[in-house]
Structure formats: C-alpha cells, structure tokens
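Undergrad: pasting the sequence and the predicted coordinates here, then a few questions.
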Amino acid sequence: MFKVIVSSTRATISTRYFVRLSSSQAYIDGIALLKQDLKKAMLAKDDLKKTTIRGVLSTIKNKEIDSKDKKLDEFELYDVYSKLISQRKDSINDFIKNKREDLVEKEASEIKILESYLTALPVATKDEVDAEVLKLLTNLRETEPSLQLKQVFGKFDWKNLPAELRASPSAIRSSIGSQFKKVFQ
C-alpha cells in the first residue's frame, strides 16, 4: 500500500516538473520571482507578503496539476493574478458592507502585492488589449456590419491572436465583450 502512495506522489511531482519544464521562459521566471520574494518575505518576517505569495504559489500549483501536460505561459499567470485580484475586490466590497475596515485594509494591501506581480509580466495591459480589440472589431464591422456577439468570437484565430496581442485568451474575450457594444451598436 505504501508503495502505491509513493509512486502516485512521484507521478504527480514528475508531472508538475514536466509542466514547468515545457512552459515558457516568462512563466518559469515568474515562478522564480515569486519564490525569491517568498524567501525575502520570510527573512524580513513580512507576514502579509509571505501569506499572499504562498497563496499565489498554491493556486499556480493547483493550476499546473489541473492542466496535466498543457504548456503553461505568462498568460496563465496573468489569469491567475487577475482572478486573485478580482476575488480580493469582491471581498473588499463584502467587508465594507459589514463594516470590517481592518479586513478591507488587509485585502487592499494584498491587491497591491498582486498588482506588482501582474505588471511585471511581459503581457499587454488592459488598455492596450482594449485598443487592439477595438481596431479588430472596427475592421470586422466594415466587412460584416450585422454580426452578433457570439458570431464575432468565431471570426478570430484563437491560436495566434493571444500571441499577437500579448494577452491571455480570457482577457481578449472580456475585452471583446466590453468593446462590442461600442462598435456594433
């Protein structure tokens, strides 16, 4: 029984190791930066930064386990950071409603830490993505003025578009959803 557990653990570790080796250099550098900063935070006894980075690393590790053999890149890190920032913003709204100012400050501090890692990634900012998507939608409207939103998503090459725009597919989809009304209405 013990051997089965050990071999299962080895398989999980080797799968994670493979995922990291097959990932982009920006992804590997992002993980290395997190680990360096975790070590610095531990030495400096900065509990807020330490727990925030540990949470990020845990989320990334879960993403690696879920993705199996899929190659991960900086866009995956962008999605993780964005999701964590969004969760904290939702928590802040809940804490404000419940008059918990002490927890609001903690969540706001965590957002600042997460945003510093988000801006360090070699990806386009939200404004840059919105500008590029607006151009794409404007060009699309000239050729096909009566498209519906669900049809627009099928008009793009999703294998190359994230690399061209230097943005994650989810950031591009979100931008298309918000920019569509400006162009097609």
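TA: Everything's here; your move.
Undergrad: C-alpha from now on. contacts and neighbour counts both.
TA: Noted.
Undergrad: can you list contacts of stretch 150-166?
TA: If you take C-alpha atoms under 8 Å, 6 or more residues apart in numbering as the criterion, stretch 150-166 is touched by Pro122, Val123, Ala124, Val129, Glu132, Ser168, Pro169, Ile172, Arg173.
Undergrad: and the gap between the residue sitting nearest the centre point of the chain and Arg100?
TA: Residue closest to the average C-alpha location in the chain (C-alpha atoms, centre = their mean): Asp79, at 1.5 Å. Distance, Asp79 to Arg100, using C-alpha to C-alpha, to the nearest Å: 28 Å.
Undergrad: quick revisit: which of the contacts of stretch 150-166 fall within strands?
TA: Counting by DSSP state E, no part of the contacts of stretch 150-166 is found in strands.
Undergrad: looking at the residues you listed, which is nearest Asp90?
TA: Checking the contacts of stretch 150-166 against Asp90 by C-alpha to C-alpha gives Arg173 as the nearest, at 21.0 Å.
Undergrad: point me to the helix or strand that includes Leu34.
TA: In this structure, Leu34 sits in helix 25-44 according to DSSP states H and E.
Undergrad: give the next helix or strand downstream of that helix.
TA: Counting by DSSP H and E, what follows helix 25-44 is helix 47-67.
Undergrad: what's downstream of the longest helix seen in the chain, the next helix or strand?
TA: Criterion DSSP state H: the longest helix present in the chain is helix 74-97. Where DSSP H and E defines the elements, the next helix or strand beyond helix 74-97 is helix 101-120.
Undergrad: over to Asp69: give its phi and psi.
TA: Taking degrees, to the nearest 10, you get phi -100, psi 10 for the backbone angles of Asp69.
Undergrad: Ser170 reaches Asp79, doesn't it?
TA: Yes: Ser170 is within contact range of Asp79, at 7.4 Å (criterion: C-alpha atoms under 8 Å).
Undergrad: who are the neighbours in contact with Ile96?
TA: Under the criterion of C-alpha under 8 Å, 6+ apart, the neighbours of Ile96 are Val104.
Undergrad: show me the shaky parts of the chain.
TA: Applying pLDDT under 70 to the chain flags residues 1-22.
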